[in-house]
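Colleague: Let's see this in three dimensions:
(chains A and B)
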Amino acid sequence: MIQKTAIEMAAALKAGEISSVELTQAHLDQITKVDSQVHAFLHIDTEGAISQARAIDEKRNSGVELPPLAGVPLALKDVMTQKGIPTTCGSKMLEGWRPPYDSTVVTRLKENGVVILGKTNMDEFAMGSSTENSAYGPTHNPWDLTRIPGGSGGGSSAALAAFEAPLAIGTDTGGSIRQPAAVTGTVGVKPTYGGVSRYGLVAFSSSLDQAGPCARTVLDAAYLHEAIGGYDKLDSTSINAPVPPVVAAAKDGNVKGMKIGVIKELQGDGYQPGVLKLFNESLELLAQQGAEIVEVSCKYFDYALAAYYLIAPSECSSNLARFDAMRYGMRVGSGSAEDVMNLTRQAGFGREVKRRIILGTYALSSGYYDAYYGSAQKVRTLISRDFENAFKLADVLVSPTAPTTAFKIGEKANDPIAMYLNDIATIPTNLAGIGGMSLPSGLAEEDGLPAGFQIMAPAMQDDRMYKVGSALEAALLAKWGQPILASAPKLGAK
Amino acid sequence: MALKYEDVIAKYEPVLGLEVHVELGTESKMFCGCNTVFGAAPNTQTCPVCLGLPGSLPVVNGKAIEYTIAIGLALNCSIAPFSRFARKNYFYPDMPKNFQTSQYDEPICVNGYLDVTIDTEEGPKEFRIEIERVHMEEDTGKSLHMGGATGRIHGADYSLLDYNRAGIPLVEIVTKIIPGTGKYAPEVARAYVSELRDILRGLGVSDVKMEQGSLRCDANVSLRPIGVEKLGTRSETKNVNSLRSVERAVRGEMIRHAELLNKGEKVVQETRHFHEDTGLTTPGRSKEQAEDYRYFPEPDLVPVAPTPELIEKIKKSLPEKPSVRRKKLQEAWQVPDKEMAAMINADVLDLVEATVKLGADPTRARSWWLGEIARLANEKGVAAAELPISSADVAEIVALIEKGELTDKLARQVVDGVIAGEGRPAEIIKSRGIQVVSDDSALMVAIEKAIAAQPDVAEKVKGGHLPAAGALIGAVMKETKGQADAAKVRELLLKHLGQA
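Modeller: Numbering: from 1, shown residues only, chains lettered A, B, ... in the order given. Coordinates of the predicted model:
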């Protein structure tokens, strides 16, 4: 049962073939079996999950009509607050903190009867592309335990690939949903900025952060997207409009006559040949289904990474200022408030977080603001314009999600620039605030590891990504004869 | 020996700059739904947002925006069609997020003015104060530094933090530099804050209680030698908490600067703390080592873009200006200019108006607030409004006088009693046994006693020398502990001595 899709599980629950308690227990058993190898979870809420599941079963037995995903388990990235449940953001700074409130995403999951299994591992405060920056140790890629599962949301994607959960929540500031999806052979969607509430998402970079669905299929992701999406009055930046019809689009999957724009700047040098090959094969499959493939150019994308590494650290330097030991979380030392703040921040933050706080503090300093933060904002506008122009030529834009397949744990840990380059194809969408999806394009011929195909759509046209993603997924499934994860090694067999 | 004020203004021209912080009287905070009532138990009016808990997000209070626009319009400002919040970053324990959400280079209201009038020996004089900007921000929490001698963080054993105030909407009203006030600078500063306070009160956007900190003034003062264009170095005196203190702080700073300049020393650009007891300031943080606040646009909030319709609606709902209202009151009460100015200066206009509304005669109401009550307030070094006597108390006392149940002298005792906290007027009359002695026989006993004590005076009166009666009347009043009606005593006395 745990290898089925979330929608198949939902159908089995509805048909009474299995109870939510049984389904939840099966996933908890799988976590027990494999998580010592994968380390996808930072906290497992066995009791809470079972009691949520029991409540759903009781409701269902009493004949109440339930939402589509009711009773299906989910893994929650540890950057989202859940009342009373430890929320660490992968940092020592928040060790032991139990938030007194639910994030809006969690509120909506609960309203939808989704069972929350626990909290997943991540790079500290979502800063990283490998989950190696977690203060609680790295997550291992289920395809090869010596490799990274991507980041920052490596825990969520690894949990899906290891069948520890059929659904997960991620957050994406520069690719933290999509790149882990790509390197674990799963699906991840960053909705349009403002499409899912950020209330209760512990901020890394407020103008870039976006929560979204992670799943093993496009349709599962669509259902989760509709469950968590939509306007929230607690988030001023949330868009006051209905969620785009993503489930209908995923079910439709008809790309006939759609124009698919290949971004010239997101291929070539720096991209692994096997990844590019899979990307081109996917394009062909879409063309075979009647889509028109066009090439577009987004010339300012070359500056995206630089702009991102000014904006994100600037915002993070301010967002992370609140961790000062005065009200919650870690406290180190005694003496004056200033001493305690200094000592705590010194001890509580890891190297990458400190690096970005220092970068951001510098970039915002008087006298440097215009040259750094100001210029980066201008680049951001130019990138948005690039997208606008490209969307005049194509309905969606596509690229490989990440330049390479999963690399070895430790391989890039001491080379920040190499690490940052992982997100070169995903960052532009965050800067422009539009949606992006990653789904598996196959296994690269060099290393037999999964690669991702990225689809980008204009703001609030998220349904287009689901339509194209669903079409490609169906074509690939027909080609392979089985889902990609069926080729993954079996875990827990030691 | 301190320099004389006349010597300061003979040589230097003061330049002012005034920043007023106003706590808005909205029911909820600037960015969350928490209550804003003053004086609640510490940390009971907080939530994840105003405590800055990880993951929480601000949402702008629409009422606060409307109030700020109303203030801007009342101060003749233009309202920006598009303005943004910014983060002001600095670390302090009473700032939950370690940044204050404020407005920086894109405030909501700009370029206004306020005309103020001061009373001078040459008659009323008007000054136009130009307003640079009106912007919104959130208040910080409150720190209470325990132990240590100064109540400041340095030297304290520990600090207590109350976040009830964190996130209360604040509006900051900043003037452009104010030159040209000359020797009247202290009075102009005071008149500006007073006029501003009346406007804010009239708008109903704040309770403008300086003593509770809902209106606080920072006074920037610099001096330049008369005839010199270049501005001198300024000091910024923070949180001056009464109108009187504004005037004193400006005058005090002018003298302090002049003393330094006369000695050839430099004025340090710094913030100063004002001390109510001495009227002097002491240095705070030096601005030369000022922090870099690393302002940047608040990414958690969307820009504020009020529609022209909203601005028009607010404009239409503005109440009449305090200056217009004062004119109307002056006509209704038929008060001479000088008396009107005295009421404004003593800050009792609202109190007199309230007393009149409760039925008191305007002249009597005014004379109580400007006379006995003002005298007592002065004695205690507080404003009349801060004394524990209400317009209802005064209206009641005036009514008793009119009914002949109290004499002016007895009424003063009642006022004393109310201010001493002995209760309401009726209770004090009872407990102190205050009563007009109108019983003729009781008075006659006292009159005869007085005549017996001063027979020579009585003879003079009998002989037609009426002014001598004063001594006898005085004695009777003394005997009756002032509870007799002097006119009545006179009448009885003269009749008794055959002169009526």
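Colleague: Residue A:223 - how many residues pack around it?
Modeller: Neighbours of residue A:223 under the rule other CB atoms under 10 Å in any protein chain shown: 25. All C-beta spots, glycine's among them, are computed from the backbone N, C-alpha and C.
Colleague: Now do the phi/psi pair for it.
Modeller: phi -60, psi -40 (degrees, to the nearest 10).
Colleague: Next one: it relative to residue A:168, how far apart?
Modeller: 13 Å (CB to CB, to the nearest Å).
Colleague: For the chain, just list every one of the strands.
Modeller: I'll assume chain A. In chain A, the segments counted as strands under DSSP state E are A:41-44, A:73-77, A:115-120, A:167-171, A:187-190, A:211-215, A:259-263, A:292-296, A:396-400, A:435-443, A:450-457.
Colleague: could you do chain B instead?
Modeller: B:12-23, B:78-79, B:86-89, B:99-102, B:109-120, B:123-138, B:142-146, B:158-162, B:169-175, B:215-225, B:235-240, B:270-274, B:281-286, B:296-297.
Colleague: Which one of those has the poorest average confidence?
Modeller: For the strands of chain B, the weakest mean pLDDT is recorded on strand B:281-286, namely a mean of 80.
Colleague: Can you pull the residues of the stretch 201-350 of chain B lying near chain A?
Modeller: B:292, B:294-296, B:299-302 (CB under 8 Å from any CB of the partner chain).
Colleague: any chance of those in CSV, plus distance to residue B:40 and neighbour count?
Modeller: Compiled in CSV, those are given as follows (distance: CB to CB, whole Å; neighbours: other CB atoms under 10 Å in any protein chain shown):
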residue, distance to residue B:40, neighbour count
B:292, 35, 14
B:294, 33, 25
B:295, 32, 19
B:296, 33, 24
B:299, 32, 20
B:300, 27, 21
B:301, 27, 20
B:302, 31, 15
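Colleague: In helices, which of the residues you listed fall?
Modeller: Counting by DSSP state H, these place none of their members in helices.
Colleague: For the nearest residue to residue B:471 once chain neighbours are set aside, grab the count of nearby residues.
Modeller: Spatially, and ignoring its direct neighbours in sequence, residue B:471 is nearest to residue B:457 (5.2 Å; CB to CB, 6 or more residues apart in numbering or on different chains). For residue B:457, the neighbour count with other CB under 10 Å is 18.
Colleague: mind listing what residue B:457 touches?
Modeller: Applying CB atoms under 8 Å, 6 or more residues apart in numbering or on different chains to residue B:457 gives the contacts B:468, B:471-472.
Colleague: looking at these, which has the most residues close by?
Modeller: For the contacts of residue B:457, neighbours were counted using other CB under 10 Å, and residue B:472 has the most, 25 neighbours in all.
Colleague: Just give me the neighbour total for the closest residue to it other than its chain neighbours.
Modeller: Sequence neighbours aside, residue B:450 is the residue nearest to residue B:472 in space, at 4.8 Å (criterion: CB to CB, 6+ apart). For residue B:450, the neighbour count with other CB under 10 Å is 22.
Colleague: Please verify my assumption that residue B:450 contacts residue B:476.
Modeller: Yes - with contact defined as CB atoms under 8 Å, residue B:450 counts as touching residue B:476 (5.2 Å).
Colleague: re the thing from before, quick one: which of the strands of chain B is nearest residue A:382?
Modeller: Across those, residue A:382 has its closest neighbour in strand B:296-297 (18.0 Å, CB to CB).
Colleague: strands paired with that closest one, and their directions?
Modeller: When sheet partners are counted by DSSP bridges, strand B:296-297 sits next to strand B:86-89 (antiparallel).
Colleague: Could you pull up the residues touching the residue nearest to residue B:472?
Modeller: Residue B:450 sits next to B:472, B:475-476, B:479 when contact means CB under 8 Å, 6+ apart.
Colleague: Could you do residue B:253 as well?
Modeller: B:219, B:221, B:235, B:237, B:272, B:281.
Colleague: Just give me the neighbour total for the nearest residue to the first one once chain neighbours are set aside.
Modeller: Read it as residue B:219. Of all residues not flanking residue B:219 in the chain, residue B:237 sits nearest, at 4.7 Å (CB to CB, 6+ apart). Look at residue B:237: counted by other CB under 10 Å, it has 24 neighbours.
Colleague: Dig out what residue B:237 forms beta bridges with.
Modeller: The partner list for residue B:237 in beta bridges (DSSP bridges) reads residue B:219, residue B:272.
Colleague: Test my guess that it contacts residue B:222.
Modeller: No - in terms of CB under 8 Å, residue B:237 does not count as a neighbour of residue B:222; the distance is 11.8 Å.
Colleague: I'd like the domain boundaries of chain B, if you could list them.
Modeller: What automatic domain parsing lists as the domains of chain B is B:5-314, B:322-431, B:440-496.
Colleague: got the end-to-end distance for the shortest one?
Modeller: Using CA to CA, to the nearest Å, the end-to-end distance of domain B:440-496 comes out at 12 Å.
Colleague: how about JSON lines for the contacts of residue B:457, with pLDDT added?
Modeller: Listed next are these as JSON lines, based on pLDDT from 0 to 100:
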{"residue": "B:468", "pLDDT": "86"}
{"residue": "B:471", "pLDDT": "88"}
{"residue": "B:472", "pLDDT": "88"}
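Colleague: quick check, nearest of the residues you listed to chain A?
Modeller: Among the contacts of residue B:457, residue B:471 lies closest to chain A (CB to the nearest CB), at 72.3 Å.
Colleague: can I assume the closest one is in contact with residue B:454?
Modeller: Yes - contact criterion CB under 8 Å: residue B:471 and residue B:454 qualify, at 6.4 Å.
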